[in-house]
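>>> sequence-free structure coming up:
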C-alpha cells in the first residue's frame, strides 16, 4: 500500500502540481518570467546522467543528444550555466543526488523503478521517451521551478522538434564508449597542446569554434586555416606558410603562449587564466586588458573571469567607456562572451566524452 501511495504522489501529484503553476503563473513560453521566487542565474545546474548513447554523444565533434538538448533549454530559460557529469551506475547517481552534489538525476523508467524499491520519496518528472528527471524532495524550490518549466516545455514546439530529431538516431540505447578522436588533426593537436600546458581537448574545442577543423577555411577579414589566423600574426612568430595545417597550428599555439605571457595572469586560477586567454584570442589582448582594468575600476577582481564578464556589457555605454579605464573605447563584448562560453562548454563535454 505504501508503494502504491508513493507512485500516486510521483506520477499524479507532481504533474498536477506542475500544471497548477501553468495556470497560476504569468510566464510566456518556457523562457518567460515565472511566479516561482527562485532563480538559477548565479548557480551552476549540475545534472548526472547515465551511459546511454541516445542521451548524450558527439556528432561531428559537436555535443548532441536528447537529454542534452533539454538540459540546455532549461539552463537557457533561467540564464544559468550547466554541467553534465557522466555516472554510468544508478548507485553513483543516487549518491550524487542524496549528497546534493547534483541537482537533477536523469535515468530510465526502469532505473527509476529500481530506485523506488529503496523506499525513497523522490519527485520525478517523466518524459515520453521513457526517461525520468529526479530531484530530491528536500529541494522544494527546485521542484517548483522544474515542475512549472517542464510542464510548459513538454507542450512546446522545441520539445516536439527535439523528439523528432532524436527518435531517428540509429544508435538508440547503444552503450557509449569514450571517443578516441575528434578530427583528422588530433595527432597534431596532441603534439602542440602540451607545449603551452593545455589539455589537447581544450585546444581542439578552440579549433572547432574557429574553423570546424577545416584547414581551408577563410574569413571575410582574411583569417585563415584551422586556427583562423591573420597572416601578419603568424609572420610575427616567423611562420609564413599558414596554409599548411601544421604550420597554422604551430603559429596559433605560439600566439596563445604570447597572450598568456602578456596578459600577466599570475593571480588568476587556472580556469580563469584559460578563459581570459580565450577571450583575448577572440577580441585581442588590448581589449581584454581594457576589460580587466574596467572591472577593477568597478570594484571587481580583474583576475576572476566571472567578475570581468559581468561588467563587459557596460562597456558599450558611453557613460562607462569614456572613462580612463577603457583605452580602446566602445566594446560590445557579446561576441567574446559567447565565444568563451561556447569553447569552454564544448571542452567540458569533451572531458566527458573524449579519451585523454
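Structure's in. What do you need? This is a predicted model, so every value here is computed, not measured.

>>> contact partners of the helix or strand where residue 249 lies?
Take DSSP states H and E as the rule and residue 249 turns out to sit in helix 245-262. Residues external to helix 245-262 that are found in contact with it (Cβ atoms under 8 Å, 6 or more residues apart in numbering): 185, 188-189, 192-193, 195-196, 198, 203, 207, 215, 224-227, 229, 233-234, 237, 239, 241-242, 273, 277, 280-281, 285. The C-beta positions use only the backbone N, C-alpha and C, and glycine is treated the same way.

>>> filter these to the buried ones?
The neighbour count (16 or more other Cβ atoms under 10 Å) marks 185, 188-189, 192-193, 196, 198, 203, 207, 215, 224-227, 229, 233-234, 237, 239, 242, 273, 277, 280-281, 285 as buried among the contacts of helix 245-262.

>>> Keep only those of those residues that are in helices.
For the buried ones among the contacts of helix 245-262, the ones inside helices are 188-189, 192, 203, 207, 233-234, 273, 277, 280-281, 285, with DSSP state H as the criterion.

>>> Report how many residues lie close to residue 328.
Residues within reach of residue 328, counting by other Cβ atoms under 10 Å, total 14.

>>> isn't there a strand covering it?
No - the secondary structure assignment for residue 328 gives coil rather than a strand, going by DSSP: H, G, I helix; E, B strand; the rest coil.

>>> how much space between it and residue 286?
Using Cβ to Cβ, to the nearest Å, one gets 6 Å for the distance from residue 328 to residue 286.

>>> Let me have the ones in helices among the buried ones among the contacts of helix 245-262 in TSV, extended by distance to residue 337.
As requested, those are arranged in TSV below (distance: Cβ to Cβ, whole Å):
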residue	distance to residue 337
188	29
189	25
192	27
203	21
207	20
233	22
234	26
273	17
277	15
280	13
281	14
285	17
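
>>> Just the closest of those to residue 92, please.
Within these, proximity to residue 92 (Cβ to Cβ) peaks at residue 203, which comes in at 29.9 Å.

>>> Does the closest one touch residue 186 like I think?
No - if you go by Cβ atoms under 8 Å, residue 203 and residue 186 don't touch, sitting 10.2 Å apart.

>>> which stretches of the chain form strands?
Assigned by DSSP state E, the chain shows strands spanning 45-49, 57-59, 62-64, 82-86, 104-108, 122-127, 131-136.

>>> Hmm, residue 213 and residue 225 touching each other?
No - in this structure, residue 225 is not within contact of residue 213 by Cβ under 8 Å, at 10.5 Å.

>>> what residues does stretch 318-336 touch?
Residues beyond stretch 318-336 that count as contacts (Cβ under 8 Å, 6+ apart) turn out to be 279, 282-283, 286-287, 289-291, 293-294, 296-297, 312-316.

>>> Might you calculate how far it sits from the centre of the chain?
Here the centre of stretch 318-336 is set off from its chain's centre by 27 Å, with Cα atoms, centre = their mean, to the nearest Å.

>>> Ok, stretch 136-150 next?
If you compare the mean C-alpha spot of stretch 136-150 with that of the full chain, they lie 22 Å apart, counting by Cα atoms, centre = their mean.

>>> can you pull the buried residues of it?
Applying a neighbour-count criterion of 16+ other Cβ under 10 Å, the buried positions in stretch 136-150 are 136, 139, 142-150.

>>> Please apply the same query to stretch 179-192.
Neighbour count says stretch 179-192 has 182-183, 185-186, 188-189, 192 buried, by 16+ other Cβ under 10 Å.

>>> Of the contacts of stretch 318-336, just the buried ones, ChimeraX syntax please.
Below is the selection syntax for ChimeraX that covers the buried ones among these, with 16+ other Cβ under 10 Å defining burial:
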select :279,282,283,287,289,290,291,293,294,296,312,314,315
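
>>> any idea which of the buried residues of stretch 136-150 is closest to residue 73?
Ranking the buried residues of stretch 136-150 by separation from residue 73, with Cβ to Cβ as the measure, puts residue 149 on top at 8.7 Å.

>>> Looks like the closest one contacts residue 75 (just checking).
No - taking Cβ under 8 Å as the definition, residue 149 is not a contact partner of residue 75, at 10.7 Å.

>>> between these two, what contacts are shared?
Common contact partners of residue 149 and residue 75 (Cβ under 8 Å, 6+ apart): none.

>>> Distance check, residue 278 against residue 333.
Counting by Cβ to Cβ, the gap from residue 278 to residue 333 is 14 Å.

>>> If you count neighbours, what's buried in stretch 84-96?
Applying a neighbour-count criterion of 16+ other Cβ under 10 Å, the buried positions in stretch 84-96 are 84, 86-87, 90, 93-94, 96.

>>> Mind checking which of these are in helices?
Counting by DSSP H, those place 90, 93-94, 96 in helices.

>>> Tell me where the model's unsure across the stretch 101-250 of the chain.
117-122, 168-176 (pLDDT under 70).

>>> at 90 what do you get?
Scanning the stretch 101-250 of the chain with the threshold set as pLDDT under 90 gives 107-132, 136-147, 151, 154, 158-178, 220-221.

>>> Between its first and last residues, what's the separation in stretch 307-315?
Stretch 307-315 has its terminal residues 14 Å apart, counting by Cα to Cα, to the nearest Å.

>>> Give me the mean pLDDT for it.
Rounded to a whole number, the mean pLDDT of stretch 307-315 is 96.

>>> Run the chain-centre distance for it.
From the chain centre to the centre of stretch 307-315 is a distance of 19 Å (Cα atoms, centre = their mean).
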